[in-house]
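[1] Please work out how this folds:
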Amino acid sequence: MSPPDRRLSPAAESVTASRGRFVPEPASRTRTAFARDRDRIIHCTAFRRLKEKTQVFVAHEGDHYRTRLTHSLEVAQIARSLAHALKLDVDLAEAVALAHDLGHPPFGHAGEDELQVQMQPWGGFDHNVQTFRVVTELEERYPDFNGLNLSWETVEGVVKHNGPVDHKLVEPAWAPVRDWQARWDLRPEGFASLEAQAAAIADDIAYNNHDVDDGVQAGLLSLAELAEVPLIGPILRSTREDWPRADDRMVRLEAVRRMIGAMIEDVLAETGSRLAAGGIETVEDVRRAGRMLVAFSPAMLADLGVLRRHLYERMYRHYRVNRTRSQARRILAEMFQLFMAEPETMPPEWSGKAVGDQTRRARAVCDYIAGMTDRYAIEEHRRLFSLDLALDL
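    Modelled structure (predicted):
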């Protein structure tokens, strides 16, 4: 295996100084520990299921809309670009980016909202905690341990990529992370690595851009209205000036590319300023910095705020999207209530986990539903509630 790149920033995570895995394993002969983490994430069942989980549009609504899988791949690509430019460990940044949505239930945020409601009496639901549980417990692929047994730095990044979580550990939904602390301290009071922060902001860059792209394709947004919105508006105008004969499709694609580039350049400039102002020279400096270091500038944040409000009003709450959200929440609510009343209607591998008190049953039901793809949830609901299908056994 090639030695790690010694030209990395001194504030980057050093794979040779990794805190290791919860269950010790021999090192890989062909990959660094962080590259091995990335590969385990790509090969896990939860990652494959992302191909049919909603980003904004239900996965079967169109072949060209983003799903959680394509979103995660786009986030990983942007995270790698940022990490490379900042001289960070690109494998760690990519691993955190690829893992960040593993715990999302079917139907996007509508599914998460419904599971939060259904699980409220039994400890709640949080997709970030569910991701943590996927990589530390729920995946069953190895004979020596449950989960993926990822490196400490990758697990830390999964849990803390949006900042410290010590204040969240008092919340019922965060009990699994709190319990883990007794076995493996993730330093919840500190900030995660620069690599994890790069993955977090890559998520913002990716979804703001591909939601614009998908929204226009779906007819929920128009280039004409976006021309009046900060950030995207000036980019659309400059694109038309540079390519006056380009059709709307090509203008949209080129504008999205330019907007991604503009956001990346803004993050690199702002991050450089913050690293210099904070005198950040080590990984410990990063964790004690008191603020996120990989960040947008105030001007970019202001423009993004206007864009996000526009997307919320015109796209995320469009009546067509609202109808899908309503249907999705009813599907999950009805299945959850049925499985709670009749756990024996779940497949054996899940009904066996529902034995015990109501809290244990609810968590098993929640885990089963959270792991479903959009398509599987729709079909499972039909099997359970359609008499025609029920009679055709």
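
[2] so residue 162 makes contact with residue 204?
    No - between residue 162 and residue 204 there is no contact under CB atoms under 8 Å: 10.1 Å. Heads up, the C-betas are built off the backbone N, CA and C, glycines and all.

[3] ok, residue 132 - contacts?
    103, 155, 158, 159, 176, 177, 180 (CB atoms under 8 Å, 6 or more residues apart in numbering).

[4] Now the last one: phi and psi?
    Main-chain dihedrals, residue 180, degrees, to the nearest 10: phi -60, psi -30.

[5] From what I see, it and residue 169 are in contact.
    No - with contact defined as CB under 8 Å, residue 180 does not reach residue 169; the gap is 10.1 Å.

[6] tell me the contacts of residue 264?
    78, 81, 82, 85, 205.

[7] longest helix anywhere in the chain?
    helix 248-277 (DSSP state H).

[8] Flag every buried residue along that one.
    251-252, 254-256, 258-260, 262-264, 266-267, 270-271, 274-275 (16 or more other CB atoms under 10 Å).

[9] centre of the chain versus it, how much separation?
    On the basis of CA atoms, centre = their mean, to the nearest Å, helix 248-277 sits 20 Å off its chain's mean C-alpha point.

[10] what is the mean pLDDT for that helix?
    In this model, helix 248-277 carries a mean pLDDT of 96.

[11] Check the offset of the helix or strand following that helix from the chain's centre.
    Sequence-wise, the next helix or strand downstream of helix 248-277 (DSSP states H and E) is helix 283-287. Offset of helix 283-287 from its chain centre (CA atoms, centre = their mean): 24 Å.

[12] Looking only at neighbour counts, state which of residue 180 and residue 169 leads.
    residue 180 (19 against 14; other CB atoms under 10 Å).

[13] mind listing the strands for the stretch 151-300 of the chain?
    Under the criterion DSSP state E, counting those that start in this stretch, the stretch 151-300 of the chain carries no strands.

[14] Just give me the neighbour total for residue 361.
    20.

[15] Verify the stated contact: it with residue 350.
    No - in this structure, residue 361 is not within contact of residue 350 by CB under 8 Å, at 10.3 Å.

[16] Report the set of residues contacting both of the two.
    Common neighbours of residue 361 and residue 350 (CB under 8 Å, 6+ apart) are residue 343.

[17] Let me know the closest of the contacts of residue 132 to residue 187.
    For these, the residue nearest residue 187 by CB to CB is residue 159; the value is 9.8 Å.

[18] okay, now that closest one: neighbour count?
    26.

[19] wouldn't it be in contact with residue 184 here?
    No - assessed by CB under 8 Å, residue 159 is found out of contact with residue 184, at 10.8 Å.

[20] Backbone dihedrals for the residue nearest to residue 314 when sequence neighbours are not counted, both of them.
    Excluding the flanking residues, the one nearest residue 314 by CB to CB, 6 or more residues apart in numbering is residue 221, at 5.9 Å. Phi and psi for residue 221, reported as degrees, to the nearest 10, are phi -130, psi 160.

[21] again, but for residue 67
    Torsion angles, degrees, to the nearest 10, at residue 67: phi -110, psi 180.

[22] What's the separation between it and residue 231?
    Using CB to CB, to the nearest Å, residue 67 is found at 25 Å from residue 231.

[23] same deal with residue 210?
    15 Å.

[24] And for residue 260?
    11 Å.

[25] cool, and residue 360?
    Taken as CB to CB, the span from residue 360 to residue 231 is 48 Å.

[26] the more surrounded of the two?
    Legend: neighbour count by other CB under 10 Å for residue 360 and residue 231, higher for residue 231 (22 against 13).

[27] what residues are up against that one?
    259, 262, 300, 303, 304, 306, 307.

[28] go on, residue 130?
    So residue 130 contacts 102, 103, 104, 105, 370 (CB under 8 Å, 6+ apart).

[29] same thing with residue 203?
    So residue 203 contacts 75, 97, 100 (CB under 8 Å, 6+ apart).

[30] now it: how far from residue 305?
    17 Å.

[31] Specify the local secondary structure of the one residue sitting closest to the centre of the chain.
    Residue closest to the mean C-alpha point of the chain, counted by CA atoms, centre = their mean, is residue 101 at 2.9 Å. With DSSP: H, G, I helix; E, B strand; the rest coil as the basis, residue 101 sits in coil.

[32] change the start of the numbering to 28 and stick with it
    OK, 28 is where the count begins now, so the last one is residue 128.

[33] Local confidence estimate at it?
    Predicted confidence (pLDDT) for residue 128: 95.

[34] List the backbone torsions phi and psi for it.
    phi -110, psi 10.

[35] Contact partners for it?
    Residue 128 touches 77, 80, 95, 98, 99, 154, 158, counting by CB under 8 Å, 6+ apart.

[36] let's see it at 6 Å
    95, 99 (CB atoms under 6 Å, 6 or more residues apart in numbering).
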